[in-house]
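Chemist: sequence unknown, structure follows:
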C-alpha cells in the first residue's frame, strides 16, 4: 500500500483518508496478532516508526477493528473484572460466575479463586495478615500446598470465642501457615471486649502490641466481609448478640470488616463499640499495601459496595451477582 509521507519521510496520519488508515490498522493488526511479528518489523514493512505502529494497534482496539477476547481456563468473568477495576480503581478484581442462590457453592468458587490469587502473588510476600471466619476458613481449605514456602501469617483481629462453635473458624492463621510451611502469629484476645479501657490495657501489653504491630506492617492482608445477619461469626462466637445486630442495623450498618461495623459509605457506625474492638482497623488502602477483600452472596452486596466506595480494598474476589450490584 502506498501512503503519503511528510517531509521527514514518515507516514502522515493527518492527511490520510479514513479508509486508508483503517486498511493500515488491519494490516498492522494481522502482522502483530496473527503472524507474531514485532512492532519494529511492522514499522519497517509499512515505512513507519514504532510509535506510529503502536498508535495504529491502539486505535484498532478502540475502534473495534481488533477485538481481544480473554478466555481464562479458570471460571472467571474478565469483562466484569475490568469494569470493577476501572470504576473503583482496584489493583485486581476476580469475579466467578454465580451459581443460582446456593451461597455455599459460590463461597467455594470464590475461595478457590482467592487461594489461586494468593499463590500467584509475585514477589511472594514473606508476611501476610489474615482475618478469621467462615469465608477465610474456606480460603485456607483451597490454598495450594506449599503456596508460599516459609511465609509468616499474622492474625489481624482477636479470635478468642466465648461460645463453642460446631466448626472452627478462628484458627485461620495456623491453616494458612501450615499450607505454606510457615509460621503463624496469633492474637490471643477476644474480638470485642466489654469496656473500652479493657481494650486499651490489652493493647498496651508488650505481647499483644507486638502482634498488632506485625499486622500493621503486613504488605498483604486478606479478610472476609461480614453481613448483618444472626448467623454472623461474631454473633456465633459470642462477641456480640442478635440484639446488637438489630441495633447496628438501625444505626445504618451494612456489615463489618475485621469486626468494624460500617455504613454504606464505609464509615464506622458505633464508635463506642469500635473502641471495644481489638485488632487491625481498615483504612483507605495505601500504595504499599495489597488489601484483599473476599465476599459473595446477596447478604453481602451492601458491605462490599461500602468497602469499595470507601477505598478499603485494592483487590476484590467475589461472585457475578455481587459484582453486578457494585457496578449498578
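Modeler: Sure thing, it's come through. Here the structure is a predicted model, which means the values were calculated and not measured. Numbers count the residues shown, from 1 in each chain.

Chemist: quick one: low-confidence parts of the stretch 51-200 of the chain?
Modeler: 69-74, 99-105, 163-167 (pLDDT under 70).

Chemist: Now do the strands in this protein.
Modeler: Ranges of strands in the chain, per DSSP state E, are 92-96, 127-130, 152-155, 183-185, 220-226, 255-257, 260-262, 290-294, 315-319.

Chemist: could I get the ones you listed as JSON lines with mean neighbour count and distance to residue 193?
Modeler: C-beta: built from backbone N, CA, C; applies to glycine. Shown next, in JSON lines, are the strands of the chain (neighbours: other C-beta atoms under 10 Å; distance: least, C-beta to C-beta, whole Å):
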{"stretch": "strand 92-96", "mean neighbour count": "24", "distance to residue 193": "35"}
{"stretch": "strand 127-130", "mean neighbour count": "25", "distance to residue 193": "21"}
{"stretch": "strand 152-155", "mean neighbour count": "25", "distance to residue 193": "16"}
{"stretch": "strand 183-185", "mean neighbour count": "16", "distance to residue 193": "20"}
{"stretch": "strand 220-226", "mean neighbour count": "27", "distance to residue 193": "18"}
{"stretch": "strand 255-257", "mean neighbour count": "27", "distance to residue 193": "16"}
{"stretch": "strand 260-262", "mean neighbour count": "25", "distance to residue 193": "14"}
{"stretch": "strand 290-294", "mean neighbour count": "25", "distance to residue 193": "25"}
{"stretch": "strand 315-319", "mean neighbour count": "28", "distance to residue 193": "30"}
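
Chemist: what about the ones you listed, which gets the closest to residue 106?
Modeler: strand 315-319 (4.7 Å; C-beta to C-beta).

Chemist: Sheet-wise, list the partners of that closest one with their directions.
Modeler: Here strand 315-319 is paired, per DSSP bridges, with strand 92-96 (parallel), strand 290-294 (parallel).

Chemist: and the strands of the chain as CSV, adding distance to residue 174?
Modeler: Converted to CSV, those look like this (distance: least, C-beta to C-beta, whole Å):
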stretch, distance to residue 174
strand 92-96, 25
strand 127-130, 10
strand 152-155, 8
strand 183-185, 5
strand 220-226, 15
strand 255-257, 22
strand 260-262, 23
strand 290-294, 18
strand 315-319, 22
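
Chemist: so which of the ones you listed comes closest to residue 281?
Modeler: strand 260-262 (6.0 Å).

Chemist: May I see the buried residues of stretch 178-197?
Modeler: Neighbour-count burial for stretch 178-197, counted by 16 or more other C-beta atoms under 10 Å, picks out 178-180, 182, 184-187, 189-193.

Chemist: quick one, which of the strands of the chain is nearest to residue 137?
Modeler: Here strand 220-226 is closest among these (C-beta to C-beta), at 9.1 Å.

Chemist: buried residues in stretch 196-206?
Modeler: Across stretch 196-206, burial judged by 16+ other C-beta under 10 Å covers 199, 202.
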